[in-house]
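Participant: just a sequence and a predicted model for now, questions to come.
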Amino acid sequence: MKKLYYLFEHEFNYIYKYVLLLCVFSTGLQLFFIGYSKRGRHNYVPFEELFMGSGAVMIAIISFAFMCYICILSFISNFNESKSIYTLMALPQDRKNIFIAKISAWLTGFLSLIATQVIIGILGYALFAPTFPERIYEGSRVVDVINLKASNGLFLSFVRSDFYRLVFPLSFQSLLSSFAILMSIVFAMYYILINTRGVYKTQKFAVVIVQLIIIIIVLRYRIQLPMSYHNLYLSSTFLLLITGYYIWDSIRVLRKTTFI
């Protein structure tokens, strides 16, 4: 257990600087575009529409892609940089500790980015939420006009926003679906990297194509593109089964290989 902790610390110490910079960059840029999008607007627009129209979602997608790139760099660093920490693995033990440490560090990075997106939504609403005028009457005469935010506007924007229904799901089946998508993506990255580094077999990547097809179908349904009803429990089960296959085969390759 102590060696596993050291390995996790080693892996996370490599990526945390990049993850922190990515989260700060994403926060600043998304809030800037949300604020810029609000300029000149005099009519009331729901916050989720303001968020979507500002380009903040595109920045979030780019941030997610950069997070994947950071994970790839951390994998490559085990071959191109000092591997002194891996002298721990010279002693007889189960080599799946390498796998667990790497995946745990990656998941920590992705969860940090997801938490950042939720914080951006809260801050963006607090700073730039659209308001509507409320007239204060004294008799039949208007004595003042104040600007008010919509009641429960933040909660409603999270419910109505396609993006936040993925990032911050409010039902169990949506939560399970988002969890299955994230886990399958993270484990697929490691699976692809470990196999391309070792013995390349084209047939191994057929399962990755199936996974991508399932994810595309689920995302189409969850962002309300026109399509028939989709059972999220069924797709989540398939994605988790695929993730289980990635785990089994990655550990099997690790135990057999000599390149790590």
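Facilitator: All right, it came through fine. Numbering: from 1, shown residues only.
Participant: residue ranges with poor pLDDT in the stretch 101-250 of the chain?
Facilitator: Residue ranges of the stretch 101-250 of the chain with pLDDT under 70: 132-151, 198-203, 225-229.
Participant: what about 80?
Facilitator: Applying pLDDT under 80 to the stretch 101-250 of the chain flags residues 129-153, 197-204, 224-230.
Participant: ok, which stretches of it are helices?
Facilitator: Taking DSSP state H, counting those that start in this stretch to define them, one finds helices in the stretch 101-250 of the chain at 153-160, 162-167, 172-197, 206-222, 232-256.
Participant: and Cys23, what's its pLDDT?
Facilitator: Looking at Cys23, its pLDDT stands at 95.
Participant: which residues does it contact?
Facilitator: Counting by Cβ atoms under 8 Å, 6 or more residues apart in numbering, Cys23 touches Ser112, Leu113, Thr116. Where C-beta positions appear, they are placed from N, C-alpha and C, glycine not excepted.
Participant: just the buried members of the residues you listed?
Facilitator: By neighbour count, with 16 or more other Cβ atoms under 10 Å, the contacts of Cys23 hold Ser112, Leu113, Thr116 as buried.
Participant: so how far is Ala65 from the second one?
Facilitator: What that stands for is Leu113. Note on Leu113: its distance to Ala65, by Cβ to Cβ, to the nearest Å, is 11 Å.
Participant: likewise for the last one?
Facilitator: Taking Cβ to Cβ as the criterion, Thr116 is separated from Ala65 by 15 Å.
Participant: outline the domain layout of the protein.
Facilitator: Using automatic domain parsing, the domain ranges for the chain come out as 1-168, 170-260.
Participant: pull up the distance across the longest one, start to finish.
Facilitator: Taking Cα to Cα, to the nearest Å, the span from the opening residue of domain 1-168 to its closing residue is 32 Å.
Participant: gap between it and the chain center?
Facilitator: Relative to its chain's centre, domain 1-168 lies at 8 Å (Cα atoms, centre = their mean, to the nearest Å).
Participant: same deal with stretch 187-200?
Facilitator: Here the centre of stretch 187-200 is set off from its chain's centre by 21 Å, with Cα atoms, centre = their mean.
Participant: over to stretch 171-184?
Facilitator: Counting by Cα atoms, centre = their mean, stretch 171-184 comes out at 11 Å from the chain centroid.
Participant: may I see the buried residues of stretch 213-226?
Facilitator: Ile214, Ile215, Val218, Tyr221, Arg222.
Participant: the residues you listed into CSV, with extra columns for distance to Arg95?
Facilitator: Below are the buried residues of stretch 213-226 laid out as CSV (distance: Cβ to Cβ, whole Å):
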residue, distance to Arg95
Ile214, 30
Ile215, 29
Val218, 33
Tyr221, 39
Arg222, 37
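Participant: which among the residues you listed gets closest to Asn78?
Facilitator: Ile215 (27.3 Å; Cβ to Cβ).
Participant: check contacts around the closest residue to the closest one other than its chain neighbours.
Facilitator: The shortest distance from Ile215 to any non-neighbouring residue, by Cβ to Cβ, 6 or more residues apart in numbering, is to Ile181 (5.7 Å). Contact analysis of Ile181 by Cβ under 8 Å, 6+ apart lists Ile215, Val218, Leu219, Leu239.
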